[in-house]
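1. I need the structure of the sequence given here:
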Amino acid sequence: MTTQANTTLKTIVEAQRQHDYPELPTDKYFEIFSSQQVLKKLRFNPDPDEIAGGLLGGDGDAGVDGFYVYCNKKLIRDEGDVQFFKGQKAEIEIVVVQAKNKPSFEEAVPMKFKDFVENALGPDCPTSSATTLYSQELLDHVARFRLLYKLVLPLKPTLSATFFHAAHSDVVDTKVEERGRILCQCFRQVFPTANASYMPITGTDLVKLSQKSIPRTLPLKTPKYFDYTSFDRGAYACVVNLKDFYDFISDEGEIRDHLFEANVRDYAPDATVNQGIEQTLANPEGDDFWWLNNGITILAADAYYASGNLQVTDPLIVNGLQTSHVVFRHFKGGADPNDSRSMMVKVIVNSNEATSDKIIRATNSQTKISSIFLHATEQVHRDIELHLKAAGYFYDRRKNYYRNQGKSVSEIVTIHYLAQAVASIVLQQPDDARVRPGTVAEKNYKKLFSDKYPPALYTKCVQIMRRCHTYLRGKGLGKTDVLNLVFYLAMYVTCAACNSVSPKRNKIASLDVDAISDKIFDQCYKWIDAEFKALGGDDRVAKGPNLTTSLNQKVISQFGGAKGKHGKGK
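-> Down below sits the predicted model:
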């Protein structure tokens, strides 16, 4: 890597660190930065919480800085996510990241990856050495993968693993490459039908990936369309050739997943409806495709027709996820590119979020859905977004909406983060918040979100969580220790600030979070840290029920007079 290119990379990394994580040392931020870029390379679109959730820290990381498992393009964050895929044909992708903020690629990295595969990843793992060699946090990540793999194994899932090794250099020594080849061979010995690749990510790669952005405007080729304007909004009904639609939703042979962020359904490859679409596509001599299919609905910020293409700005496919994926798989699998059949595509130009939410709900209401992202179209979440914005936060009801606008990670509040905060502080379930980051919202939705609750409640929960994070980092704790203690600290501090066993929602909503004294934080932290360590002081304690039980008993004894049934804040 040239001196100028290396300077460019360092400048980019430092600017992003100062923008998003100014409190982190550069080496730690380089792990976040590199993980974001490699996931972008694979065309995943994780939000900041999802990136952070896959990062590991401290001793026992086995040379693994980031560990991510995707199933049918959905990130697996907890056991609830795993259960969704029971009975489905699964495509599992493992992404392993090691990011070295150094000028060269080290041979030790693929060697450590190989040890990790042999001792922790296989069906017969973990070995007896694994609990000594690796952290419990890493083993928990791997355990979710094995649970998923075992669950879908009867339906013969596809499995692939990519081992990313990021560094500043543009030169990869042949010994490092050979170690990478041995690593992949080892993985295929453990999983004989799987694909594996070792991928060095050079400094130049990182610069290019960091500068790569999602194109805002995409051309949708259509020889026939009908345009109509009503309610000050434009709309287009188009007849689109199947291959042209494939070109619209794909990029270099991979599907543009960001087009589907607003669609609240998950793609299920073996769903009955998909099998029907596949059969229709496989029979080109039959009726035209659009006669037999409901078509696609796209929301857009703008659209205009020119030279045979509808130029669509900020497209979001809000209905037609299943059809889109089946069409994509059909042509990627080698279907005739000259297939003359067509499909119907409806493009609605709209900038009113309330209207967009109505369209999303209406076009997805025919199927029973339990998704937090469908709930996110409700008025209560729009109200939360307004109140959080007034307090200087940006509520990502639509994944990465504010991230794509350049807002700092420190200012963004994801739906899952807010659900974890309210579960800890209001429902007094810090163990659930810790162990179920992906599904705590679905599990407790009606207790977490309601227009009957004061909107200020959600702002105060975010502010309490932010203060707790800042306090714990100020103690010099690592990422894992902060994550293990923060939800318990948030619950205890709130009880102390309200002088209540189970503070009511209105009371929490009226708190002046800035006025909570450092003395309260010190006292609460001292007890939680001591109890956490007394119970074992590891991830299992933070994710189990015992620390919650002890904390519940503590607040009863300290703030007295209540029966102590936690989770009844009103």
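
2. The closest residue to residue 402 other than its chain neighbours bridge partners, please.
-> What sits nearest to residue 402 in space, not counting adjacent residues and going by C-beta to C-beta, 6 or more residues apart in numbering, is residue 394, at 3.9 Å. For every residue, glycine as well, the C-beta is placed using N, CA and C. Residue 394 has the following beta-bridge partners by DSSP bridges: residue 412.

3. which residues does residue 394 contact?
-> With contact taken as C-beta atoms under 8 Å, 6 or more residues apart in numbering, residue 394 is in contact with 385, 388, 402, 407, 411-413.

4. Just the buried residues out of the residues you listed, in PyMOL syntax.
-> Here the buried members of those are turned into a PyMOL selection, burial being counted by 16 or more other C-beta atoms under 10 Å:
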select buried, resi 385+388+402+407+412+413
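
5. In the contacts of residue 394, which has the lowest confidence score?
-> Ranked by pLDDT, those bottom out at residue 402 (88).

6. So that residue sits against residue 413, correct?
-> No - counting by C-beta atoms under 8 Å, residue 402 stays clear of residue 413, with 9.0 Å between them.

7. sorry, back to before: just put the contacts of residue 394 in CSV and tack on distance to residue 112.
-> Converted to CSV, the contacts of residue 394 look like this (distance: C-beta to C-beta, whole Å):
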residue, distance to residue 112
385, 43
388, 41
402, 36
407, 36
411, 36
412, 33
413, 36
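
8. Just the closest of the contacts of residue 394 to residue 488, please.
-> For the contacts of residue 394, the minimum distance to residue 488 (C-beta to C-beta) is 20.3 Å, reached by residue 413.

9. pretty sure the closest one is in contact with residue 395, am I right?
-> Yes - counting by C-beta under 8 Å, residue 413 does reach residue 395; the two are 5.2 Å apart.

10. what touches both of those two?
-> Residues within reach of residue 413 and of residue 395 at once, by C-beta under 8 Å, 6+ apart, are residue 388.

11. so which helix or strand takes in the residue nearest to residue 161 when sequence neighbours are not counted?
-> The shortest distance from residue 161 to any residue other than its chain neighbours is 4.0 Å, reached at residue 94 (C-beta to C-beta, 6+ apart). Here residue 94 is covered by strand 91-99, with elements defined by DSSP states H and E.

12. Report the angle between the helix or strand just after that strand and strand 91-99.
-> If you walk from strand 91-99 toward the C-terminus, the next helix or strand you reach (DSSP H and E) is helix 108-116. Put simply, helix 108-116 runs at 140 degrees to strand 91-99, going by axes from the mean of the first three to the mean of the last three C-alpha atoms, to 10 degrees.

13. Run through who's touching helix 108-116.
-> Defining contact as C-beta under 8 Å, 6+ apart, one finds that helix 108-116 is touched by 62-64, 96, 98, 100, 133-134, 163, 165, 176, 179-180, 182-183, 186, 198.

14. how about a cut-off of 7 Å?
-> Applying C-beta atoms under 7 Å, 6 or more residues apart in numbering, the set of residues contacting helix 108-116 from outside is 62-64, 96, 98, 163, 165, 176, 179-180, 182-183, 186, 198.

15. So which of these belong to helices?
-> In helices, judged by DSSP state H, the following of the contacts of helix 108-116 are found: 176, 179-180, 182-183, 186.

16. follow-up on the earlier one: now list whatever residues contact both of residue 402 and residue 413.
-> Contact with both residue 402 and residue 413 is made by residues 394, 396, according to C-beta under 7 Å, 6+ apart.

17. domain assignment for this structure?
-> Residue ranges for each domain of the chain read 3-211, 217-364, 372-559, as given by automatic domain parsing.

18. Would you point out which residue is most central in this protein?
-> residue 50 (3.7 Å; C-alpha atoms, centre = their mean).

19. Please tell me I have it right and that residue contacts residue 75.
-> Yes - using C-beta atoms under 7 Å, residue 50 is in contact with residue 75, at 5.5 Å.

20. residues shared between the contacts of the two?
-> In terms of C-beta under 7 Å, 6+ apart, residue 50 and residue 75 are not both contacted by any residue.

21. quick revisit: from residue 473, how far off is the residue nearest to residue 402?
-> Separation of residue 394 from residue 473 (C-beta to C-beta, to the nearest Å) stands at 21 Å.

22. same thing with residue 26?
-> 16 Å.

23. When those two are compared, which one has more neighbours?
-> Just comparing residue 26 and residue 473: by other C-beta atoms under 10 Å the higher neighbour count belongs to residue 473, 16 against 13.

24. Looks like the more buried one contacts residue 21 (just checking).
-> No - Residue 473 is not in contact with residue 21 according to C-beta under 7 Å; the separation is 10.5 Å.

25. helix, strand or coil for residue 85?
-> Using DSSP: H, G, I helix; E, B strand; the rest coil, the structure places residue 85 in coil.

26. just checking, it touches residue 73?
-> No - applying C-beta under 7 Å as the test, residue 85 and residue 73 come out as separate, 11.6 Å apart.
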